[in-house]
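sequence? don't have it. structure:
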Ligand code: IVH
C-alpha cells in the first residue's frame with residue numbers, strides 16, 4: 001500500500017461505518033446487509049490493530065474501549081436541567097394554555113411530544129464531537145457517564161454536518177430508554193443468574209447507565225431520543241420544530257411522534273391518540289409534553305426555580321385493569337414480617353403481565369374487604385408491582401369467607417405475633433423463610449456481595465437442608481453443591497470461591513449484611529466510620545443500663561454492663577441514629593440467638609475498617625519520577641504513604657497521579673499516553689497539604705452517590721453496581 005494508504009482507507013471505512021450506523025440505528029433504513037457492515041467493521045479493526053496511530057477517539061470501533069471507573073465524576077450541567085410542571089387532569093392543562101395566551105396573545109403554536117419514561121441525560125458536543133454525557137442528577141450537576149453513553153449505537157460520536165454545520169458547543173437534552181421487550185429479556189437474564197430484576201424499563205435504563213464498567217452498559221439494550229437544546233454556541237433555531245429538524249440533520253435520533261398543535265382541543269386529540277396506541281409502542285411513555293414552539297416567546301414567559309413556564313407535562317392516568325383474585329398467601333420475609341400476597345389471574349397492564357400484588361398487612365385486607373375469588377381492580381403506576389385498588393361488586397355471587405392471617409407461620413409453624421397492623425414470625429434464625437432471606441441478604445450487593453447467591457440459591461440451600469444456620473454458608477463445599485439441581489462443577493466452584501473471597505470485607509458491608517433492624521447501607525457506613533471495628537460497635541450497642549423492650553430480658557438475658565445510661569446510648573453519637581433506633585439495634589444484638597450467630601459469623605469474616613480520617617489520600621496510586629526540589633523522592637514517597645496513598649513504580653491506567661519533577665523519565669511519557677493526570681512539584685505539595693479535592697475542578701460538589709437522582713433505580717432494583 002502507498003504511504004498514507006492505510007490512513008486513507010481507515011478514514012473511508014470510518015466514514016462509511018458512521019453513515020451506515022446512522023441509517024441503521026437512527027433512520028431505521030439500512031442500505032447494506034449486516035454482513036457487509038461487519039466486514040467493514042472488522043477491516044477497520046484490523047487496520048487499527050496493525051497501525052495503532054490510526055485509532056481516533058470517535059472511531060466506530062471505540063464505543064466500548066474504556067476501563068471500568070472507580071467512581072463517576074460529578075459534573076455541572078451546561079445549563080440547569082429543569083423538570084416539568086405536570087398533571088394528569090385537564091384543568092391544569094387549560095390553565096397553562098390560558099397563561100400562555102395571556103402572556104403572548106392568541107397567536108401561539110405548540111409542539112406536542114410523547115413524554116418518554118426513561119433516564120434524562122445531557123449530551124455535549126464540542127465542534128461536533130461527543131465530549132461528555134451527564135445524568136440529570138439534581139438538575140444542576142449529575143454524574144459523568146460519557147463512556148456508557150458512547151456504547152449506545154444510536155448516539156453519534158460525531159454529528160453529521162452534510163446539511164448543517166456543527167456549532168462549537170452544543171448541549172442537548174435527551175432521554176435514555178429501554179424498549180419493553182428488551183427490558184423483559186434483560187430481567188429474565190438477571191433472574192436466571194440469581195440477580196434482582198429491575199422494577200420497570202425506566203429503572204433498567206437508569207441502572208444500566210450507572211454502571212462503572214462500560215462493558216456492562218454495552219451489553220444492555222439502551223436507546224436514546226434527543227428533544228431539546230440546552231445550550232448552543234451560535235444562533236439557536238427559532239422554534240421547537242426547527243430544533244427537532246436541526247437535531248435530525250445532525251444525525252441525532254428524534255422521536256417521530258412529535259407534532260405541532262394549536263390549542264387545547266388539538267392537544268387533547270393528540271393525547272387520546274397517543275394513549276390509545278400506548279400499548280403498541282415499543283417503549284414506555286407516561287404522558288405528553290406540550291411546549292411553546294417559539295423559542296423567543298419561551299424567554300418571555302421565563303421559568304420558576306423548578307420548571308419552565310413554557311412547557312407542561314400532561315400525564316396519563318395510571319393503568320388499571322380488572323381481574324380475578326385467586327388466592328391470598330402469607331409470605332414470610334427476611335425480617336419475619338408476614339405479608340399477604342394476592343395471586344391473580346394474569347392480566348396485561350401496559351405490555352407487562354402481572355399476576356401478583358402486595359396486600360401489605362391484615363388490616364389492609366380487612367379494610368378493602370378483599371377475599372379469595374373476588375373480582376378486583378389492579379393498578380400499575382410506574383412499577384411492575386401492581387396494587388389491588390378495590391374489589392368489584394358482583395351481585396348474586398357468593399363470596400368466600402373473609403381472609404384471616406393464619407395463627408402459625410406458614411414456613412416454620414411458630415406462633416405468629418401481631419404487632420399493630422403487622423404480623424411477625426418470632427423464629428428469627430430457625431424459620432426457613434427467614435433463614436433463606438438472611439442468607440440472601442448477607443450475600444447481597446451492598447453486603448458481602450457474593451455472586452451467585454441470590455434468592456433462588458438461598459432458598460434451595462435451605463430447602464435442601466444444606467444450610468441450617470447462617471454461618472454454615474462458610475462451610476459449603478463444591479462437592480455438596482454439585483449434588484443439588486441446577487449446579488454444575490463450574491457454578492459450584494464459582495460460588496464456593498465467591499464465598500471464600502467474601503471472608504474479607506469492608507466493615508460497613510459486614511454490619512449491613514447482618515440484617516440488623518433499622519441498619520441500611522447508609523447507617524452501616526456511618527457506624528463503620530464511627531466505630532472503626534466491629535467489636536467497638538458491638539460494645540457500644542451493648543453498653544447501657546438494661547436491654548429494653550423486654551425481648552432480651554424475657555429471653556433471660558443478663559443486663560449488660562455500663563450502669564446508668566440507657567441501652568445503646570453510645571450509638572446515638574452516630575449520624576442518623578436516634579434513641580429509638582439505638583434501642584432497637586441494641587435489643588436485637590442482645591438476643592442470645594442473635595448474639596450466637598453474630599459470634600460465629602465474626603469468626604468466619606474479617607471486616608476491614610474504613611480508612612482513618614487522616615488518610616486523606618487513601619485509595620490513590622501515585623508514581624514519582626524525576627528530581628524534586630523541596631525533598632527527596634523517597635521522602636515524598638513516605639509522606640504520601642503516611643496519608644494512605646500507595647506509591648508504585650510503574651504507571652498503569654490505575655495510576656491516579658504521576659508526579660513529574662526535574663528530568664522525568666519514561667514514566668512521564670507513559671502517563672501522557674494513558675491519559676493519567678500529571679502533577680508538578682507544586683501540585684504534589686498541594687496534594688500533601690490539602691488532599692486530592694484541592695486539585696479537582698469540582699471542589700465543593702457532593703460525592704456522586706449523594707447527588708439525588710430522581711427517577712434513578714432504587715437500591716433494591718439495581719442489580720450490578722459495585
Ligand atoms: S422537555 C425544561 N420533552 O420528563 C424542559 N422532557 O419532568 C425539559 N421527558 O426530566 C424537558 N420526554 O426527562 C421534555 N419530550 C420530552 C420528554 C421529557 C420525557 C422527561 C425529562 C424530564 C421529565 C419531566
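Received it, and whenever you're ready, just let me know what you need. As the structure is a computational prediction, the values presented were derived from the model and not from experiment. Numbering: from 1, shown residues only.

lowest confidence element among the helices and strands of this structure?
Counting by mean pLDDT, DSSP states H and E, the chain has its least confident helix or strand at helix 551-554, which shows a mean of 40.

those strands in the stretch 301-450 of the chain, which residues are they?
Along the stretch 301-450 of the chain, counting by DSSP state E, counting those that start in this stretch, strands occupy 311-315, 319-332, 338-349, 352-358, 375-380, 387-392, 417-419, 422-424.

Please name every helix or strand in contact with the longest one.
The one in question is strand 319-332. Judged by 3 or more C-beta pairs under 8 Å, 6 or more residues apart in numbering; DSSP states H and E, strand 319-332 is in contact with strand 338-349, strand 375-380, strand 387-392, helix 432-443. The way it works is simple: take the backbone N, C-alpha and C, and place the C-beta from them, glycine included.

Pairing partners for that strand, with directions?
Here strand 319-332 is paired, per DSSP bridges, with strand 338-349 (antiparallel), strand 375-380 (antiparallel).

out of those strands, which comes closest to the ligand?
strand 375-380 (19.0 Å; C-beta to the nearest ligand atom).

list the buried ones in the closest one?
376, 378, 379, 380 (16 or more other C-beta atoms under 10 Å).

can you pull up the bridge partners for the first one?
So the one you mean is residue 376. Following DSSP bridges, residue 376 is listed with bridge partners residue 323, residue 391.

OK, contacts around it?
Shown in contact with residue 376 (C-beta atoms under 8 Å, 6 or more residues apart in numbering): 322, 323, 324, 325, 342, 344, 370, 388, 389, 390, 391, 392.

and the gap between it and residue 369?
11 Å (C-beta to C-beta, to the nearest Å).

okay, and the common contacts of these two?
In contact with both residue 376 and residue 369: residue 391, using C-beta under 8 Å, 6+ apart.

Let me see the ranges of the helices in the stretch 1-150 of the chain.
Secondary structure of the stretch 1-150 of the chain, counting by DSSP state H, counting those that start in this stretch: helices at 5-21, 34-50, 90-104, 146-150.

Let me know the angle separating the third one from strand 311-315.
Angle of helix 90-104 versus strand 311-315, following axes from the mean of the first three to the mean of the last three C-alpha atoms, to 10 degrees, is 170 degrees.

Counting by contacts, list what helix 90-104 packs against.
Going by 3+ C-beta pairs under 8 Å, 6+ apart, helix 90-104 lies up against helix 264-276, strand 285-292, helix 295-301, strand 311-315.

can we see that at 10 Å?
In terms of contacts (3 or more C-beta pairs under 10 Å, 6 or more residues apart in numbering; DSSP states H and E), helix 90-104 is packed against strand 86-87, strand 110-116, helix 264-276, strand 285-292, helix 295-301, strand 311-315.

Could you work out which of those reaches nearest to residue 580?
strand 86-87 (36.5 Å; C-beta to C-beta).

contacts for the closest one?
Outside strand 86-87, the residues that touch it by C-beta atoms under 10 Å, 6 or more residues apart in numbering are 92-93, 95-96, 115, 286-287, 289, 307, 311-315.

Say whether the ligand is contacted by that strand.
No. Figure legend: strand 86-87 not in contact with the ligand (C-beta under 6 Å from any ligand atom); closest approach 6.5 Å.
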